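**Q** Curious how this folds, go ahead:
(2 chains)
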Amino acid sequence: MRSASEHDKVEGFPVHFALNLVLVSSESRSKVLLAMARSTSKDAQALLHSFRSAYAATPTNLKIIDLYVGFAVFTALIQIAYIAIVGSFPFNAFLSGLLSCIGTAVLAVCLRIQVNRENKEFKDLPPERAFADFVLCNLVLHLVIMNFLG
Amino acid sequence: MVGKAEPVNGSVKSGSNQSIPATMQSPLKKSDLIPNLSLKTLKLKTKQQELLIRVSILCLVYVLAFITRLFSVLRYESMIHEFDPYFNYRTTLFLTEKGFYEFWNWFDSESWYPLGRIIGGTLYPGLMVTAAIIYWLLRFLRFAIHIREVCVLTAPFFASNTTLVAYFFGKEVWDSGAGLVAAALIAICPGYISRSVAGSYDNEGVAIFALLLTFYLFVKAVNTGSLAWALASAFAYFYMVSAWGGYVFIINLIPLYVLVLLITGRYSMRLYVAYNSMYVLGMLLAMQIRFVGFQHVQSGEHMAAMGVFFLLQVFFFLDWVKHLLSDTKLFQAFLRITVTTAIGVGAIALGVGMASGYISPWTGRFYSLLDPTYAKDHIPIIASVSEHQPTAWSSFMFDFHILLFLFPAVCLISAIAVSATIKNLTLVARAKSKVTQTGSVRGSSSSKGSSKASLDQSQPFQRNGAIALLLGAFYLLSKYATHCTWVTSEAYSSPSIVLAARGAHGNRVIFDDYREAYFWLRKNTPPDAKVMSWWDYGYQITAMGNRTVIVDNNTWNNTHIATVGRAMSSYEDEAYEIMRSLDVDYVLVVFGGVTGYSSDDINKFLWMVRIGGGVFPVIKEPDYLVNGEYRVDKGAAPKMLNCLMYKLSYYRFGELTTEYGKPPGYDRARGVEIGNKDIKLEYLEEAFTTSNWIVRIYKVKPPNNRW
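**A** Down below sits the predicted model:
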């Protein structure tokens, strides 16, 4: 509800909104709600559009990492859907599967942060070293997962 | 174990390649009286001198931390102290004899008869595995050393390693001066010594090292943002989890630290990299310990770490989106949606988790931390442990001395304070001499020189004040060192299993009754005999006596302990029924009436009554008290005078004269003459009483023939 008032000034928002609600009758209230819903969807579209255009500008290697992260998260979601349906009986197996997806996603995000040339803090970290760390951590992660699978 | 030898010959460390003997000859004549080698004679550069000083100080601190914990080994012998270390020793022995697989899957039927105990799944293996590895390493190098020696000296060895970690930690947080002071302070801090003295083979000895290591590596990871350091800190956390149940404090302190960093705005991408990789890898590694199991995702105490994990994801995701979107208004819309959804989902998930009981609530350990009197009212068995009593203020001073007002409980902050103060004071003390050399000679001096000159002119006594304060600081530190050594020697070096006292002529008298009794048990009872005693002595009986016990220090089954408590507090015939049901062959009690030893079973008896009464309402505490007072003399309650514990402790004691001028049957620990001197036992018979009557063992008679 509150996002519709983005067109108003942010500071004066509560007062105006409250006044609006109080003074308007129920019919026109539904009209106001419709108008707010429409503006929200317009907002969302504008958001998505600007997001898409900004994202297109990122370099390809970062996009590949993002794809990998997306794949890992997707796999995690599939596993969550599975336990919602079937149940989590070998709990250690469930945890190891889920944590391997989340773990590798998190490590890939860390790699992305370290490799991204826009981050000033990591500018003297060679990307090969970042990738080597990534591989090492993934190795440890999957070795532990294999022990935990049981 | 073996401390590093300090570099005695300074020339070994020197980097100079000039002919040393020639340059050393002339200054030696001047400095003949000075015992140390003057550093100037070695023609070292300043950096190398500094390195030499630092390394030698560290080596001295390393050796100091080790040797200050050796008092009891020198005074008595190299043995394991107290109660819990005996369990750790027994499991380590098993590990070295049978191997890791047997150890990890060990089901012990020699304790908690008839229930048994799954030892493999209910212990923290870090300490045992560490000692076993050191033992195997020494064996590999052909040192034929007994595992007991390794166990006794593990804690001092790791205390020395802790000082090294403290040095690096101080260096990381402030500078190497603070690191050195931190190492020195932690080497002799009495609070740490009390848990890591030689012979105290307990989890904390290794765990404190792992704790400091985890914190140091995590701070290093946050500072460098490197995945390798985060991986190292995850492994240190795994070591900590394997070593001690107190790892829960770490898994809450680190998220708290991250939260504070986020709130104060001192964060960056490095924090994200460090915390996330450490959390995921650390959590996975920690769940490999069976005793910990799934607690990282199910227990309320671990939820803070998970909460901060999700918070970080949301936070940095929003940061990234903000960076991508150039339009601030759109971003604020997005921000509002995401934040409300995230908080909503998180709150709902947490609520559902706690309501359905999936996420278990906080355990007694945390409640006791927040409210030290919690255990006394709600959980008598936790309250009865002497180590769990709330600390008196005087004990704080006893254990921490000057660290108490430098900063409570944190050697590092104290170290920083001390080191920074001393550094500033020495700078001020030196300032005047530098200014007179450089400031007056050159007219146009640098701004630093002029400011120092003005500093000097405004307060002419500043230098003297600085020197006085420096002397004060050194005096304080030396008092700290003296206090720590005195405390270690007097209070924390007693093995508890061997007692010492001063005889009438001032000579030292040793009471070795415990070991005498356990050895008797080992040699004079059938191998499958079952011994009933109060749970304090369980570990020692299984480790040294090698016999099955009914209850021991693990205290995992309150009902079983309450059964034993009920047996001890009942009349002899009721107790006999209970003992027959548990297949008890021998009963062991500890009695201090002859020696004046005050930690005996009669003094602990009220706890037995409370714990027994907590499960069996037939045992009522007021039955044993007279007007709320606990007495054993003629005016004691009749139930007290006839219960099993009383009978077993004072059997035949009425005929013994313990002190000159007092009647026979005078109990030196309670300071009274006992009430019931004519004790007859119907169902038990006395098997063994040690030379000073401290441990008394009775045999349970089999039932009479029916006709």
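
**Q** Go through stretch B:620-635 and flag the buried ones.
**A** Residues of stretch B:620-635 classed as buried: B:624-625, B:630-633 (neighbour count, 16 or more other CB atoms under 10 Å in any protein chain shown). (Each C-beta comes from the backbone N, C-alpha and C, glycine too.)

**Q** and which of these is nearest A:Ile113?
**A** Distance to A:Ile113, by CB to CB, is smallest for B:Tyr630 among the buried residues of stretch B:620-635, at 65.8 Å.

**Q** can I assume that closest one is in contact with B:Leu606?
**A** Yes: when contacts are counted by CB atoms under 8 Å, B:Tyr630 is listed as touching B:Leu606 (6.1 Å).

**Q** got any residues that touch both of the two?
**A** Both B:Tyr630 and B:Leu606 are contacted by B:Tyr624, under the criterion CB atoms under 8 Å, 6 or more residues apart in numbering or on different chains.

**Q** pLDDT score for A:Ala108?
**A** Here, the pLDDT recorded for A:Ala108 equals 95.

**Q** same question, the one 4 residues further on
**A** Reported pLDDT at A:Arg112 in the predicted model: 92.

**Q** can you pull the buried residues of whichever strand or helix holds it?
**A** Per DSSP states H and E: A:Arg112 is located in helix A:91-115. By neighbour count on 16+ other CB under 10 Å, the buried set for helix A:91-115 is A:92, A:94-115.

**Q** of the residues you listed, list those near chain B.
**A** When contact is defined as CB under 8 Å from any CB of the partner chain, the buried residues of helix A:91-115 meet chain B at A:92, A:95-96, A:99, A:102-103, A:106-107, A:109-111, A:113-114.

**Q** Let me know how buried B:Gly538 is, in neighbour terms.
**A** Per other CB atoms under 10 Å in any protein chain shown, the neighbour tally for B:Gly538 reads 26.

**Q** That should have said B:Asn558, apologies.
**A** Neighbour tally, B:Asn558, other CB under 10 Å: 16.

**Q** Residue ranges in the stretch 201-350 of chain B under the pLDDT threshold?
**A** Where the stretch 201-350 of chain B drops to pLDDT under 70, the residues are B:326-328, B:330.

**Q** so how far is A:Leu139 from whichever residue of the stretch 151-300 of chain B sits closest to chain A?
**A** Nearest residue of the stretch 151-300 of chain B to chain A, counting by CB to the nearest CB: B:Leu227, 3.6 Å away. Going from B:Leu227 to A:Leu139 by CB to CB, to the nearest Å gives 12 Å.

**Q** which of the ones next to chain B among the buried residues of helix A:91-115 lies closest to B:Phe511?
**A** Taking CB to CB as the measure, B:Phe511 lies nearest A:Asn92 of these, at 50.3 Å.

**Q** Now that closest one: closest residue in space that isn't a chain neighbour?
**A** Leaving aside its chain neighbours, A:Asn92 sits nearest to A:Gly150 (5.1 Å; criterion: CB to CB, 6 or more residues apart in numbering or on different chains).

**Q** Kindly report the same for A:Val144.
**A** Leaving out its chain neighbours, the residue that sits closest to A:Val144 by CB to CB, 6+ apart is B:Leu284, at 4.8 Å.

**Q** Then B:Trp534?
**A** Nearest non-adjacent residue to B:Trp534, counting by CB to CB, 6+ apart: B:Asp601, 5.9 Å away.

**Q** pLDDT score assigned to that neighbour?
**A** The model's pLDDT for B:Asp601 equals 92.

**Q** So what's the residue count around the residue of chain A found nearest chain B?
**A** Nearest residue of chain A to chain B, counting by CB to the nearest CB: A:Asp133, 3.6 Å away. For A:Asp133, the tally of surrounding residues (other CB under 10 Å) stands at 23.

**Q** That one touches B:Ser226, doesn't it?
**A** Yes: counting by CB under 8 Å, A:Asp133 touches B:Ser226, with 6.7 Å between them.

**Q** Overlap in contacts, the two.
**A** By CB under 8 Å, 6+ apart, A:Asp133 and B:Ser226 have no common neighbours.

**Q** Close to chain B: what parts of chain A are there?
**A** A:2-3, A:6, A:10, A:43, A:46-47, A:50-51, A:54-55, A:91-92, A:95-96, A:99, A:102-103, A:106-107, A:109-111, A:113-114, A:119, A:121-122, A:125, A:130, A:133-134, A:136-137, A:140-141, A:144-145, A:147-148.

**Q** now the strands for chain B?
**A** For chain B, the strands defined by DSSP state E occupy B:107-108, B:117-118, B:499-502, B:508-511, B:530-532, B:548-549, B:586-590, B:666-667, B:672-673, B:684-689, B:695-700.

**Q** I'd like the ones you listed as CSV, with mean pLDDT appended.
**A** Putting these into CSV (pLDDT from 0 to 100) gives the following:
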stretch, mean pLDDT
strand B:107-108, 92
strand B:117-118, 91
strand B:499-502, 84
strand B:508-511, 87
strand B:530-532, 95
strand B:548-549, 94
strand B:586-590, 95
strand B:666-667, 90
strand B:672-673, 88
strand B:684-689, 94
strand B:695-700, 94
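
**Q** Can I get those in CSV including mean neighbour count and distance to A:Pro59?
**A** Output for the strands of chain B, formatted as CSV (neighbours: other CB atoms under 10 Å in any protein chain shown; distance: least, CB to CB, whole Å):
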stretch, mean neighbour count, distance to A:Pro59
strand B:107-108, 14, 58
strand B:117-118, 17, 55
strand B:499-502, 13, 74
strand B:508-511, 12, 77
strand B:530-532, 23, 73
strand B:548-549, 24, 68
strand B:586-590, 24, 75
strand B:666-667, 23, 85
strand B:672-673, 17, 87
strand B:684-689, 17, 82
strand B:695-700, 22, 77
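
**Q** who wins for proximity to B:Gly614 among these?
**A** That would be strand B:530-532 among these, by CB to CB, at 19.0 Å.

**Q** Report all helices and strands that that closest one contacts.
**A** Secondary-structure packing of strand B:530-532 (3 or more CB pairs under 8 Å, 6 or more residues apart in numbering or on different chains; DSSP states H and E): strand B:548-549, strand B:586-590.

**Q** Next, the angle from the longest one to strand B:695-700.
**A** In terms of direction (axes from the mean of the first three to the mean of the last three CA atoms, to 10 degrees), strand B:586-590 departs from strand B:695-700 by 160 degrees.

**Q** Pull the number of nearby residues for the residue of the stretch 151-300 of chain B closest to chain A.
**A** Neighbours of B:Leu227 (other CB under 10 Å): 29.

**Q** Alright, calling it a day.
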